[in-house]
Structures are given as C-alpha cells and as structure tokens.
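**Q** here's my sequence, what's the structure:
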Amino acid sequence: MIIKSLQTFGADYMSVVYSVIRHPTYAGYLLFGLGGVFFTFTLYFIIFYLIFLVGFYIHTRFVEEKELIERFGSSYKEYMKKVPAFFC
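**A** Below you'll find the predicted structure:
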C-alpha cells in the first residue's frame, strides 16, 4: 500500500499536506480516536478521548512546538502563523 500511494501521489505530496495542517499525523490520531468515540459511544470512551485530546494539545503546544522553534527559529514562527496546528 505504501508503494502504491507513493506511485499515485509521489514523494512531494507530503509538502502539500504540511501546507494545510502543521501536524497531520497527530490530526489523524485524533480523528481515529473520534471514530472510536462514535463507534462505542460510551461515557468512559468519551472521557478518555477528552483526556487524550487535552494531552495531545499540551504535548504539541508546550513540548514539540517549543523544540521546533528552537531548531528552526523565526522561519517556524512564520509557518505557525500561516498554517493551523490541527484544524482551522
């Protein structure tokens, strides 16, 4: 499947994804978890997903993006202004 997707979209497709959303992998995890919420629709899973969502936000905002700013400097800050982290 990986080979077929590379043949279809090419290796440059990731630059398109990163121009729309800053953290596409994390956004995929969040959508996958949201699908689990709708699939099970139990109170425990909803609470777990909300905790998961807050944890993702805290990690991304205060750990990962801090490291990226230190690594890439002002160019990453400009990128942050143009592209939303997860969803609009």
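**Q** quick one: least confident helix or strand in this protein?
**A** Sorted by mean pLDDT, DSSP states H and E, the helices and strands of the chain end with helix 13-18, the least confident at a mean of 62.
**Q** and the helix or strand just after it, what's buried?
**A** Sequence-wise, the next helix or strand downstream of helix 13-18 (DSSP states H and E) is helix 24-40. Neighbour-count burial for helix 24-40 flags 26-27, 30, 36 (criterion: 16 or more other Cβ atoms under 10 Å). For the C-beta atoms, the positions are set from N, CA and C on the backbone; glycine is no exception.
**Q** can you check stretch 40-60 too?
**A** 45, 49, 52, 56, 60.
**Q** in strands, which of these appear?
**A** Among these, no residue falls in strands (DSSP state E).
**Q** JSON lines for those, including distance to residue 22 and pLDDT?
**A** Shown next, in JSON lines, are these (distance: Cβ to Cβ, whole Å; pLDDT from 0 to 100):
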{"residue": "45", "distance to residue 22": "27", "pLDDT": "92"}
{"residue": "49", "distance to residue 22": "21", "pLDDT": "94"}
{"residue": "52", "distance to residue 22": "19", "pLDDT": "91"}
{"residue": "56", "distance to residue 22": "13", "pLDDT": "87"}
{"residue": "60", "distance to residue 22": "9", "pLDDT": "91"}
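**Q** just the ones in helices from those residues, please.
**A** 45, 49, 52, 56 (DSSP state H).
**Q** give me the distance between residue 59 and residue 42.
**A** Separation of residue 59 from residue 42 (Cβ to Cβ, to the nearest Å) stands at 25 Å.
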